[in-house]
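Chemist: Would you be able to build a 3D model of this:
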Amino acid sequence: VSSLAPHSEPLSTIFAIPASTSEEGTESNPIVLEGISAEDFSNFIRWVYHIDWNPVTVSEAVYLGIINVCQLYFIESGMKFAVHGLQAYAILAQAREAIDHEVRLIAACTPPFVSDPSWKCTNHALCTKAWKDVWWNIIGRALLHPMRPTHLSDLMDLI
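Modeler: Below is the predicted model:
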């Protein structure tokens, strides 16, 4: 409680009110914060106390939940944090989308087959077709695998 009060004047006022003797705030009679889901409040608490916080794995919904709580209690630092996080999330999402697009292009577009004269390719047309088949059936499928896609840096191991 003492960690929450400095973030917001409304929270500071709420926490200054003497505790009642009622059973409110127990497992059987929880305190209900109107307009705030349990998940949003939990994410807000994670931010306040820096509990298990990894910006790389935080979703857009987490930042929006923090904004929701911070708007209700006028917590400017939390708003700034979450807005900055959303901006970074958007940049990372766009980068991920661009990388995924490039990977799909690499999978779908077979690089040209260039054979060394010393290589044992007696029919260039057949070798080119075989190369395209190998590319799609091995490389393309590995890159586009829905559960375990191959990283671009591991492609040479497949050829």
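Chemist: how far away is His50 from Phe81?
Modeler: Per C-beta to C-beta, to the nearest Å, His50 is found 11 Å from Phe81. C-beta here means a position set from N, CA and C on the backbone, and glycine is covered the same way.
Chemist: So the two - more neighbours on which side?
Modeler: The residue with more neighbours, out of His50 and Phe81, is Phe81; 16 against 7, by other C-beta atoms under 10 Å.
Chemist: Which of the helices or strands spans that one?
Modeler: Using DSSP states H and E, the element containing Phe81 is helix 76-108.
Chemist: which strands and helices sit next to that helix?
Modeler: If you count contacts as 3 or more C-beta pairs under 8 Å, 6 or more residues apart in numbering; DSSP states H and E, helix 76-108 packs onto helix 38-49, helix 60-72, helix 141-144.
Chemist: Run through this protein and note the low-pLDDT ranges.
Modeler: 1-2, 4-6, 14-16, 20-22, 24-25, 55-56, 115-119 (pLDDT under 70).
Chemist: measure the residue lying farthest from the centre of it to Thr110 for me?
Modeler: Distance to the chain centre peaks in the chain at Thr122, reaching 49.9 Å (criterion: C-alpha atoms, centre = their mean). With distances taken as C-beta to C-beta, Thr122 is found 21 Å from Thr110.
Chemist: do Asp157 as well
Modeler: For Asp157, the distance to Thr110 - C-beta to C-beta - is 18 Å.
Chemist: Could you do Ala38 as well?
Modeler: 51 Å.
Chemist: Asp157 and Thr110: who's more crowded?
Modeler: Neighbour count, other C-beta under 10 Å: between Asp157 and Thr110, Thr110 has more, with 16 against 8.
Chemist: excluding its backbone neighbours, what's nearest that one?
Modeler: Nearest-residue entry for Thr110: Trp135, 4.1 Å, with adjacent residues in sequence omitted and distances by C-beta to C-beta, 6 or more residues apart in numbering.
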